[in-house]
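*Asks:* Make a model of this:
(one chain, ligands or ions: 1)
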Amino acid sequence: MTPATAIKHVQEKAAAAPSKRGADLLHDPLLNKGTAFTREERLELGILGLLPPAVSKPEEQKERVLRNIRKRPDDLDRYVDLLSLLDRNETLFYKVVTDHIEELLPIIYTPTVGKGCQLYAHLFRRSRGLFITRHEKGMIRDVLKNWPRRDVRVVVVTDGERILGLGDLGASGMGIPVGKLSLYTACGGVPPWQTLPITLDVGTNNQALLDDPLYLGVREKRVTGKAYDELLEEFVLAVQEVFPKALLQFEDFANHNAFRLLQEYRDRLCCFNDDIQGTASVTLAGLYSAGRITGRRLSEERILFHGAGEAAIGIADLVVSAMMADGTSKKEAMSRCWFMDSKALVESTRKDLQDHKLPYAHKHKPIGDLLSAVKELKPTALIGVSGKAAQFTEEIVKAMASFNDRPIVFALSNPTANSECTAEQAYRWSAGRAIFASGSPFPAVDFEGRRFIPGQGNNAYIFPGVGMGAIASGATRVTDEMFFEAARALASRVSSQELEKGCLYPPLTQLREVSAHIAAAAAQVAYQRGYATEPKTKNLLARIRSLQYRPEYPNYA
Ligand code: NAD
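*Replies:* Below you'll find the predicted structure:
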């Protein structure tokens, strides 16, 4: 650490928490260095004797952590170990995670975090984040003020109703905002003391949880309708008042609320929904990368979505915005997006469509199955986001390959067991011509003398960078343009060698650097469109790098 960085970190940490000494210091995860405190620091800070005598280097501490978690029998144990490290020593947690992001991302986030949420009440050791229930109505502002830090810049909030693909987990959904914010820090470089995880515990309709004597949430059915909307409104206004510089990210709300809330709040404050917009951006980046292989422009794609929920509609809306920015009319852009939902093709004769599907109900005769829709519509891209496994059959992939030289096949449903087809199937059934991406990771595939490296459209490529861009520019809104510029920035980080191997995304090991570029792209939009409140600097990328948190210990001596 350079002296200047050391001073900056100490100042920031001191500002984040009052200066502490003795055992209090060791028990503050932001300030604690564990065995890395030097003898001088131990003398100075009143902790001599409270630690074993050896002074470890951070690299040695990291080695100890890694050896321990690698010895664990399964990922859930690793998850629990890492969370307790986060509770003891945040700097070390972020050093371990940042240096080994590829190995640890699936543990601190999907898929392991899902298991962590399901078992939240049973694994519970120490509280993290804020819980707000309907019983706090009229005093949400006061609850927010109980949070010990004032300079919060990113709030991730869930109501626990649709946790990953696992459904309603009520208050046990807290693992999601905690996990997501750890990625804001590890990947985007948002300082951990500027992040705040919140669960709006509005009850749960999950009977197994209500019957579980260890469940830690409010033991009642979900609040709905006007009462729910009023609670949300009070919450949003309170966040704006108590943390006026914070970006608010909605996470894992069920889609009957997710679209409504986004619609209600996107033009009122700096907020977004990652399930809708983050997914859209990372998928659009995959389409841009695919375009670098096919030579086609985005506006030339004809996309058939399998699924018409948050992910699908979010992707289509962003694709439409991006096509329009390239000069395509809205009507033409929308006509390039088609959907199959659980019943049939989304088309104008249907009387059973939810509001969010209506804009895409084009004139067409009814079609009941995906294969017929593929044959009839002849899409250039088939995107699976239904959450249903094995829907892209051999016949369907072969049909895609019969009228496309390079068919785009994205199997985005998670977890791996729900994928629409495997990477190996997509390459084999298309004779090695499919341009493939997935929601969950797949291993490399050897096919007819070629090695394919399938890319994973992980939202972690996008939201940490967009969040950092919003912070750096002091953005007052998060717009679609920020997300499609983020997608462009992400696609531009893929090397031609990676594209040759079929990989549409850069390696996860480059996440921090990729996030810096995405942050610069998003911040640039904020400045161009008048949404920035921070003074503009000439070199946005350099400014963002300078703001990125690095997991280095302060020098207290
Ligand atoms: P959602 O519940 O909002 O939407 C699911 C949609 O699929 C609904 O429109 C439903 O009608 C439709 N559907 C259900 N069964 C179907 C069937 N048999 N045939 C056709 N359509 C069917 O869920 P979501 O948030 O949109 O997520 C969907 C999937 O996408 C999940 O598996 C999720 O893990 C995945 N996802 C992936 C990424 C990523 O790869 N980055 C991001 C977000 C979501």
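
*Asks:* Can you point out the buried residues in stretch 206-216?
*Replies:* Asn206, Leu209, Leu210, Tyr215, Leu216 (16 or more other Cβ atoms under 10 Å). Where C-beta positions appear, they are placed from N, C-alpha and C, glycine not excepted.

*Asks:* Can you get me the centre-to-centre distance for that stretch and its chain?
*Replies:* 27 Å (Cα atoms, centre = their mean, to the nearest Å).

*Asks:* Go back to the buried residues of stretch 206-216 and keep what's next to the ligand.
*Replies:* When the buried residues of stretch 206-216 are checked against the ligand using Cβ under 6 Å from any ligand atom, none falls in range.

*Asks:* Now flag whichever of these is closest to the ligand.
*Replies:* Distance ranking of the buried residues of stretch 206-216 against the ligand, using Cβ to the nearest ligand atom, places Asn206 first at 16.0 Å.

*Asks:* Pull the contacting residues for that closest one.
*Replies:* Gly167, Asp168, Leu169, Gly170 (Cβ atoms under 8 Å, 6 or more residues apart in numbering).

*Asks:* try 6 Å
*Replies:* Asp168 (Cβ atoms under 6 Å, 6 or more residues apart in numbering).

*Asks:* Secondary structure added to the buried residues of stretch 206-216, as TSV?
*Replies:* TSV is the format used below for those (DSSP: H, G, I helix; E, B strand; the rest coil):
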residue	secondary structure
Asn206	coil
Leu209	helix
Leu210	helix
Tyr215	coil
Leu216	coil
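
*Asks:* quick one: the strands in the protein?
*Replies:* With strands called from DSSP state E, the chain shows them at 130-133, 154-158, 195-201, 247-250, 271-273, 303-306, 337-340, 381-384, 408-411, 435-438, 445-447, 450-452, 455-456.

*Asks:* in the second one, what counts as buried?
*Replies:* Going back to what we said before, that points to strand 154-158. Val154, Val155, Val156, Val157, Thr158.

*Asks:* Quick check: the second one vs Cys187, distance?
*Replies:* Applying Cβ to Cβ, to the nearest Å, the value for Val155 to Cys187 is 18 Å.

*Asks:* about what we covered before: could you point out the member of the buried residues of strand 154-158 that lies closest to the ligand?
*Replies:* Thr158 (13.1 Å).

*Asks:* Surely that closest one touches Glu251?
*Replies:* Yes: distance between Thr158 and Glu251: 4.6 Å, which falls inside the contact criterion (Cβ atoms under 6 Å).

*Asks:* follow-up on the earlier one: tabulate the buried residues of strand 154-158 (CSV), appending pLDDT and distance to the ligand.
*Replies:* Listed next are the buried residues of strand 154-158 as CSV, based on pLDDT from 0 to 100; distance: Cβ to the nearest ligand atom, whole Å:
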residue, pLDDT, distance to the ligand
Val154, 98, 19
Val155, 98, 20
Val156, 98, 15
Val157, 98, 17
Thr158, 98, 13
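
*Asks:* and those residues as a markdown table, adding distance to Lys343?
*Replies:* Below are the buried residues of strand 154-158 laid out as a markdown table (distance: Cβ to Cβ, whole Å):
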| residue | distance to Lys343 |
| --- | --- |
| Val154 | 38 |
| Val155 | 37 |
| Val156 | 33 |
| Val157 | 32 |
| Thr158 | 28 |
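
*Asks:* returning to that earlier point: could you tell me which residues touch both of Thr158 and Glu251?
*Replies:* Shared contacts of Thr158 and Glu251, counting by Cβ under 6 Å, 6+ apart, come down to Ile176.

*Asks:* Quick one: name the residues of the protein near the ligand.
*Replies:* So far as Cβ under 6 Å from any ligand atom goes, the chain lies against the ligand at 165, 255, 275, 279, 282, 306-312, 340-342, 385-388, 412-414, 418, 439, 457-459.

*Asks:* Need the buried ones from those residues selected in PyMOL.
*Replies:* This is the PyMOL syntax for the buried subset of these, where burial follows 16+ other Cβ under 10 Å:
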select buried, resi 255+275+279+282+306+307+308+309+310+311+312+340+341+385+386+387+412+413+414+418+439+457+458+459
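
*Asks:* Not counting its neighbours along the chain, what's nearest the residue in the chain that the ligand sits nearest to?
*Replies:* Across the chain, the shortest distance to the ligand (Cβ to the nearest ligand atom) belongs to Gly309, at 1.8 Å. Among residues not flanking Gly309 along the chain, Asn255 sits closest, at 5.2 Å (Cβ to Cβ, 6 or more residues apart in numbering).

*Asks:* got a pLDDT number for the one you found?
*Replies:* With respect to pLDDT, Asn255 scores 88.

*Asks:* repeat for Ser19
*Replies:* At Ser19, pLDDT is 75.

*Asks:* can you check the one 4 residues further on too?
*Replies:* Per-residue confidence at Ala23 stands at 96 (pLDDT).

*Asks:* got it, and Pro3?
*Replies:* pLDDT at Pro3 comes out at 38.

*Asks:* cool, the one 3 residues further on as well?
*Replies:* According to the predicted model, the pLDDT of Ala6 comes to 44.
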